[in-house]
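K.L.:
Turn this into a structure:
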Amino acid sequence: MNYEDMEFFAPGHRACAGCAAPIIVKWVLKISGPKTIVVNATGCLEVFSTPYPHTSWRLPWIHTAFENAAATASGIDAALKAIGKRDDVNIVVFGGDGGTSDIGFQSLSGMAERGHNILYIMYDNEAYMNTGIQRSSSTPFGAWTSTTQVGPSRPLGKEEFKKPIAEIMAAHKIPYVATANPAFLPDFKAKIQKALSIKGPKFIHTISSCTTGWRHDPSKTIEIMRLATETGIFPLWEIENGDFSKIKITYMPKQRKPVEEYLKPQGRFRHLFNEPEKIKEIQKMVDEWWAKFETKS
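P.N.:
Just a heads-up that it's a prediction; the model follows:
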């Protein structure tokens, strides 16, 4: 059944102007429909959508701690099975990068290993935005955060590379893993629909612009997320059952744009333009990743 005319995530929440998280949630729930139970890890989404006594959630919704959203969802899956009501309910988890690739990774890995029938959505704004823009393992190389500040002794910002969380989840050999970008809505919707049609653990890593932490014009959210994929920095792909030999690129840019087009509008990367060799390093890293796919196209 098509629920796209229905709103399961109500307007009036307190998200920052230009935040991508509400866009992501809105479309996931339009596809999952009314028979959905949502588990939400502590983070921006939880805070701006449920300021007591108000809520934007028009579905059963459970707030859980940073580290155990996947464990809570696993318990729901087991409980519904025990009472014979599992088959017609979608269980969807929303967790940020901190609550997923850092603090929550242990319970996420356990959920995958046990084979629970859950769709886990990681909305990746690439730092701990809710608590002050501290770096996470998902913060990209070179980015400014409040804990990777730029100065004479640290001209680069974050010196480590972004954790490849989707590849790590695919290595669990779960039925479905994908990357997604709400700026490419048909691809985004198709992946949610496909994931929900598959039994077992599913993981979707979606980019989620944060105007406060990324320091860009709130009106440019979709444009910047589109550039993340058009430059090849955030490629769109999917993989089933951990078979890396059959990874499918779901959007192949006709001609990738230079990475600086994505970096330049964001204040968190402003300092890199004083270090052009670092921009070349990022471009090289992106080119090397794409080389194995573009030669086959």
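
K.L.:
Going by C-alpha atoms from here, please, whenever you check contacts or count neighbours.
P.N.:
OK.

K.L.:
Just the buried positions in stretch 66-77, please.
P.N.:
Buried positions in stretch 66-77, judged by neighbour count with 16 or more other Cα atoms under 10 Å: 66-74, 76-77.

K.L.:
Which residue, other than its chain neighbours, is closest to Gln106?
P.N.:
Glu67 (7.9 Å; Cα to Cα, 6 or more residues apart in numbering).

K.L.:
how about the one you found, phi and psi?
P.N.:
Per-residue torsions, Glu67: phi -90, psi -10 (degrees, to the nearest 10).

K.L.:
which ones are touching it?
P.N.:
41, 99-100, 103-107 (Cα atoms under 8 Å, 6 or more residues apart in numbering).

K.L.:
where does this structure have low pLDDT?
P.N.:
295-297 (pLDDT under 70).

K.L.:
any chance you could map the strands in it?
P.N.:
Here the chain has its strands, by DSSP state E, at 36-41, 61-64, 90-96, 119-124, 176-180, 202-207, 236-239, 248-251.

K.L.:
closest one to Gly157 among the ones you listed?
P.N.:
Nearest to Gly157 among the strands of the chain is strand 119-124 (18.7 Å), distances taken as Cα to Cα.

K.L.:
Just want the angle from the closest one to strand 90-96.
P.N.:
20 degrees (axes from the mean of the first three to the mean of the last three Cα atoms, to 10 degrees).

K.L.:
Pairing partners for strand 119-124, with directions?
P.N.:
Using DSSP bridges, the strands paired with strand 119-124 are strand 90-96 (parallel), strand 202-207 (parallel).

K.L.:
Quick one: work out the angle between that strand and strand 36-41.
P.N.:
40 degrees.

K.L.:
quick one: strand 119-124 to strand 176-180, angle?
P.N.:
Using the same axes, to 10 degrees, strand 119-124 lies at 30 degrees relative to strand 176-180.

K.L.:
mind exporting stretch 275-288 as CSV, just the C-alpha atoms?
P.N.:
Extracted as CSV, the C-alpha positions of stretch 275-288 are listed here (Å, rounded to 0.1, in the frame of the first residue of the first chain):
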residue,chain,number,x,y,z
GLU,A,275,46.5,23.6,2.6
PRO,A,276,45.9,22.7,-1.1
GLU,A,277,48.0,19.5,-0.8
LYS,A,278,45.4,18.2,1.6
ILE,A,279,42.6,18.8,-0.9
LYS,A,280,44.7,16.9,-3.5
GLU,A,281,45.0,14.1,-1.0
ILE,A,282,41.3,13.9,-0.5
GLN,A,283,40.8,13.9,-4.3
LYS,A,284,43.4,11.1,-4.7
MET,A,285,41.6,9.0,-2.1
VAL,A,286,38.3,9.4,-3.9
ASP,A,287,39.8,8.7,-7.3
GLU,A,288,41.4,5.5,-6.0
